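Trainee: Below is the sequence, then the predicted model.
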Amino acid sequence: MSEQFPASRRALIFLAVAFGITWLAWWALVALAQAGFTTYGRWPFMTLYVLGGLGPTIAAYVAVYRTREEAPLSEFNRRVLRWRVSPAWYLLALGLPLALGFMAIGVAVALKPELATGVAFKPWYLFPLYLLMTIIGGGLEEFGWRGIAQEEWGRAIGSIRAALLIGPIWTLWHLPLFFMPGVAQYHASFAMFLIGVMGNALLLGWLYSRTRSILLCVLMHAAMNAATMMGVGVPSGFEMSIIGPCLNLCVGALLFLSSGRRAAHSEATLR
């Protein structure tokens, strides 16, 4: 796998620019927030926070522009806007994160019934609002992680190995958040976060390998974050909160294995 890592110039440009934009914005924000110059919700904080989050999106277009001799911008945009797939794929993209969240709660409560008192769901009518919010706050990352990295490395080493390679890199990209007061990752367990991101990389990598639709990956990523905001998952801080990340990891691996191939790039066949 390591021999194939540098093969794609497009993927390397994407990584360099994504880390450059995000880490410059987020590490600067860490310094400002820890010094007390700004706090979550204030415009200096939110400006740098959003800019850092858009790093992979901006980097994806920079990488495509710089390597347009390999594949033109129009080809990338077709994958961004690929919406003509079976409705079943939309149901899976939006519904699987919710289903996995409920499954994690069920397993945790079955093992430790007293955890049920810590489970609280937001009203269901808020889900569309949260989904729209998390398209910007996370979903647009998919332009780069799946649209560039999964696409390029999937061709070279197979989609499942590409997803496994992306997972740790994607986790490392989030590193500044663990030092940023006011965000969910602040002082959280980096190891648990790694497991969760690895699971998400497999789920999203499998979805992309079956549809080659960046749009569907944006929706699934947003649904993952929206489900968390809705309270659909084992509450963080509980000893059973590891169940959710492990469940995502197992289901993602099973989806790849059950596909009967190395998730070759193909159009959606579920009609």
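Mentor: Looks like it arrived, so ask away.

Trainee: if I look at residue 131, how far off is residue 230?
Mentor: Using Cβ to Cβ, to the nearest Å, residue 131 is found at 10 Å from residue 230. Where you see a C-beta, it was placed from the backbone N, CA and C, and this is true even at glycine.

Trainee: Please apply the same query to residue 78.
Mentor: For residue 78, the distance to residue 230 - Cβ to Cβ - is 32 Å.

Trainee: likewise residue 257?
Mentor: Taken as Cβ to Cβ, the span from residue 257 to residue 230 is 29 Å.

Trainee: higher neighbour count, those two?
Mentor: Neighbour totals were compared for residue 257 and residue 230, and residue 230 leads with 21 against 12 (other Cβ atoms under 10 Å).

Trainee: Skipping its backbone neighbours, what lies nearest the more buried one in space?
Mentor: residue 122 (4.7 Å; Cβ to Cβ, 6 or more residues apart in numbering).

Trainee: Count the residues that sit near that neighbour.
Mentor: The local packing of residue 122 (other Cβ under 10 Å) involves 14 other residues.

Trainee: CA atoms of the helix or strand harbouring residue 251 as PDB?
Mentor: Secondary-structure element containing residue 251, defined by DSSP states H and E: helix 243-258. Listed next in PDB are the C-alpha coordinates belonging to helix 243-258 (Å, rounded to 0.1, in the frame of the first residue of the first chain):
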ATOM      1  CA  ILE A 243     -20.200   0.900  20.800                       C
ATOM      2  CA  GLY A 244     -21.200   3.400  18.200                       C
ATOM      3  CA  PRO A 245     -17.800   3.800  16.600                       C
ATOM      4  CA  CYS A 246     -17.100   0.100  16.700                       C
ATOM      5  CA  LEU A 247     -20.500  -0.700  15.100                       C
ATOM      6  CA  ASN A 248     -19.800   1.700  12.300                       C
ATOM      7  CA  LEU A 249     -16.400   0.100  11.700                       C
ATOM      8  CA  CYS A 250     -17.900  -3.400  11.600                       C
ATOM      9  CA  VAL A 251     -20.800  -2.500   9.400                       C
ATOM     10  CA  GLY A 252     -18.600  -0.600   7.000                       C
ATOM     11  CA  ALA A 253     -16.200  -3.600   6.700                       C
ATOM     12  CA  LEU A 254     -19.200  -6.000   6.200                       C
ATOM     13  CA  LEU A 255     -20.600  -3.800   3.400                       C
ATOM     14  CA  PHE A 256     -17.400  -4.000   1.500                       C
ATOM     15  CA  LEU A 257     -17.000  -7.700   2.100                       C
ATOM     16  CA  SER A 258     -20.500  -8.500   1.100                       C
END
